[in-house]
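>>> sequence? don't have it. structure:
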DNA sequence: TAAATCCTGTGAATATTTTCACAGATAATA
DNA sequence: TATTATCTGTGAAAATATTCACAGGATTTA
Ligand SMILES: NC(=O)c1ccc[n+]([C@@H]2O[C@H](COP(=O)([O-])OP(=O)(O)OC[C@H]3O[C@@H](n4cnc5c(N)ncnc54)[C@H](O)[C@@H]3O)[C@@H](O)[C@H]2O)c1
Ligand SMILES: NC(=O)c1ccc[n+]([C@@H]2O[C@H](COP(=O)([O-])OP(=O)(O)OC[C@H]3O[C@@H](n4cnc5c(N)ncnc54)[C@H](O)[C@@H]3O)[C@@H](O)[C@H]2O)c1
């Protein structure tokens, strides 16, 4: 069925997956590409194309059945294996993510938090286990953690990334403005830099007005 | 010089702009496309293409001069006009962004915060002015705010967006998982949904292993 | 059972983005 | 001054991604 999913399709399918979860909860049984397109703000053709990359779906006059479609994306994107993640850096941002409930009932589970400030660790309340940063290697290996979320100060970012990669992590979600280096192409890195996003937005606004 | 900058170029140029700021601070006078490419993890050709979209730069054997290049991006992306932004929703995430110092010395300035919980506003310490949410329209207009950062609970997101758009905002940075609707194409919307990013990362990892 | 309606899936056309590959410009070197 | 080395800028090719446009299937209606 598949060659290789285009990156934009992967992204849209993830959004679609989450949309379907919500829609399912509302009790809706079918959706058509027009509805999905409207909800996600993309063209209906893209939706149909993306979905067709996962195989074929019968077609009733009503469109797609929610449950099977969701299931197909689930499998098509390899979400069967719920990934385990850790957060490194439990400051303002890290702690706010850590305590955000949405996580616990997801397709990715945050199972550990690390910080170099040991005193602070003792003060923190958290549903997930917290460890000092020097245990990253040990814990990532022993608890089979595949994803690392980096929310440490800029200066510490590359060092933390190195440790995570060393420990065999497979993916990194990087919240710092640092562009992380990895000699290991096995590791997938995604950057989520608020300030760059703000700058891009600012530029987009200016350019639109030209 | 310009037709219209491609979206990917805008994004890379923003990252480049920030990189140049750092590089400049380190006292470096010139950079070449190879160095920039390495730092940003993209191909050198892309860098040269992006830059060439902004016009031409003399070319010494050393590459580009940092200062003029930075300036060119600055103008090319319309960053001359420092944009004023506000944050709506001062909970865990919103407050953490609000208090993050990086903001105050940037190309975008956060000048106001809003929350519907008035008691909380009185408790909060902040360098920027805080207002109750019902004043959004008034303050956005009077203080010439062009960007709105949305960090309210999902349920409130569309309502807040509507208010901001109503008040004449030009861009929205949306941290909620809600896909915001706008009948007004004047408004640029960027989404920054952590959980979707995590899901995309998770999918990317799985698919890479196939 | 025939007609009308409302979908999906997808070749083919377009549009966009990236990459190649090299001409030409500049500085350093001999 | 000639030679060499090191860059940029950019046509043109290649790779990707989006969109069009419509055939054909399913369901409803008459
Ligand atoms: N706070 C925000 O809203 C915000 C917004 C955008 C970007 N960021 C980025 O997120 C990162 C963190 O920001 P923050 O405001 O949460 O910072 P913070 O200072 O509040 O927290 C950083 C935490 O990392 C810990 N730490 C430092 N070095 C470490 C190491 N080597 N290993 C493990 N832990 C270590 C510190 O003890 C601290 O608890 C920064 O890179 C920042 O640029 C933050
Ligand atoms: N906390 C995180 O780490 C995190 C991570 C990913 C996404 N998010 C998203 O960010 C958003 C905020 O998350 P949070 O954890 O900060 O929530 P929170 O509950 O801590 O804060 C929300 C704030 O918004 C205020 N608010 C509610 N309705 C409002 C309205 N109509 N106008 C103005 N203010 C209003 C509340 O008073 C509260 O202070 C959510 O949509 C969440 O999905 C948060």
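Ah, there it is. Predicted, not measured: the structure shown is a model, and the values here were computed from it. Ligands and ions are numbered 1, 2, ... in the order given.

>>> close to chain B, is stretch A:84-93?
Yes. Stretch A:84-93 reaches chain B (CB under 8 Å from any CB of the partner chain) through A:85, A:92, A:93. The C-beta positions use only the backbone N, C-alpha and C, and glycine is treated the same way.

>>> mind putting these into TSV with distance to DNA strand D?
What follows is these, written out as TSV (distance: CB to the nearest atom of the strand, whole Å):
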residue	distance to DNA strand D
A:85	25
A:92	34
A:93	30
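
>>> considering those, which possesses the most neighbours?
Scoring those on neighbours with other CB atoms under 10 Å in any protein chain shown, the highest-scoring entry is residue A:85 at 24 neighbours.

>>> and the top helix by length along chain A, how far out from the chain middle?
Looking across chain A with DSSP state H, the single longest helix is helix A:7-25. Its chain's average C-alpha position is 12 Å from that of helix A:7-25, according to CA atoms, centre = their mean, to the nearest Å.

>>> so what are the sheet partners of the strand ranked longest in chain A and their directions?
When chain A is parsed with DSSP state E, its longest strand is strand A:108-115. Looking at strand A:108-115 with DSSP bridges, its partner strands are strand A:83-88 (parallel), strand A:129-132 (parallel).

>>> and residue A:93, what does it touch?
Neighbouring residues of residue A:93 by CB atoms under 8 Å, 6 or more residues apart in numbering or on different chains: A:151, A:175, B:96, B:100.

>>> phi first, then psi, for the closest residue to DNA strand D within chain A.
Closest contact between chain A and DNA strand D, by CB to the nearest atom of the strand, is at residue A:6 (3.0 Å). For residue A:6, the backbone dihedrals (degrees, to the nearest 10) come out as phi -60, psi 140.

>>> quick one: the closest residue to residue A:169 other than its chain neighbours from residue B:141, how far?
The shortest distance from residue A:169 to any non-neighbouring residue, by CB to CB, 6 or more residues apart in numbering or on different chains, is to residue A:148 (4.8 Å). Noted for residue A:148: a distance of 43 Å to residue B:141, by CB to CB, to the nearest Å.

>>> with neighbour numbers in mind, choose between those two.
Remark: of residue A:148 and residue B:141, residue A:148 carries more neighbours, 27 against 13, as counted by other CB under 10 Å.

>>> quick check: mean pLDDT of the longest helix of chain A?
Average pLDDT, helix A:7-25: 97.

>>> quick one: the following helix or strand past that helix near DNA strand D?
With elements assigned by DSSP states H and E, the helix or strand that comes after helix A:7-25 is strand A:30-31. No. Strand A:30-31 stays clear of DNA strand D (CB under 7 Å from any atom of the strand), getting no nearer than 10.5 Å.

>>> from the chain's centre, how far out does strand A:30-31 sit?
Centroid separation between strand A:30-31 and its chain, computed with CA atoms, centre = their mean, is 25 Å.

>>> what's downstream of that strand, the next helix or strand?
Next in sequence after strand A:30-31, counting helices and strands by DSSP H and E, comes helix A:33-40.

>>> which residues sit against that next one?
Helix A:33-40 has contacts (CB under 8 Å, 6+ apart) with A:12, A:15-16, A:19, A:43-48, A:51, A:63-64, B:179.

>>> mind doing that once more with 7 Å?
Here helix A:33-40 makes contact (CB atoms under 7 Å, 6 or more residues apart in numbering or on different chains) with A:12, A:15, A:16, A:19, A:43, A:44, A:47, A:48, A:63, B:179.

>>> what does chain A have sitting close to DNA strand C?
Within reach of DNA strand C by CB under 7 Å from any atom of the strand, chain A has these residues: A:32-34, A:44-45, A:48-49, A:51-52, A:56-59, A:61-64.

>>> so for whatever helix or strand comes next after the longest strand of chain A, what's the average pLDDT?
Remark: after strand A:108-115, the chain's next helix or strand is helix A:118-123, criterion DSSP H and E. Across helix A:118-123, the average pLDDT comes to 94.

>>> what pLDDT does residue A:105 get?
Note for residue A:105: predicted pLDDT of 62.

>>> before we move on, what about the one 3 residues further on?
Looking at residue A:108, its pLDDT is 94.

>>> follow-up on the earlier one: which of the contacts of helix A:33-40 sits closest to residue B:168?
Of all the contacts of helix A:33-40, residue B:179 has the smallest distance to residue B:168: 22.0 Å, by CB to CB.

>>> quick one: secondary structure of residue A:90?
Here residue A:90 is recorded as coil under DSSP: H, G, I helix; E, B strand; the rest coil.

>>> so where's chain A uncertain?
A:1-3, A:103-105 (pLDDT under 70).

>>> flag every residue of it that's near ligand 2.
Contacts of chain A with ligand 2, taken as CB under 6 Å from any ligand atom, map to A:96, A:97, A:100.

>>> all set, thanks.
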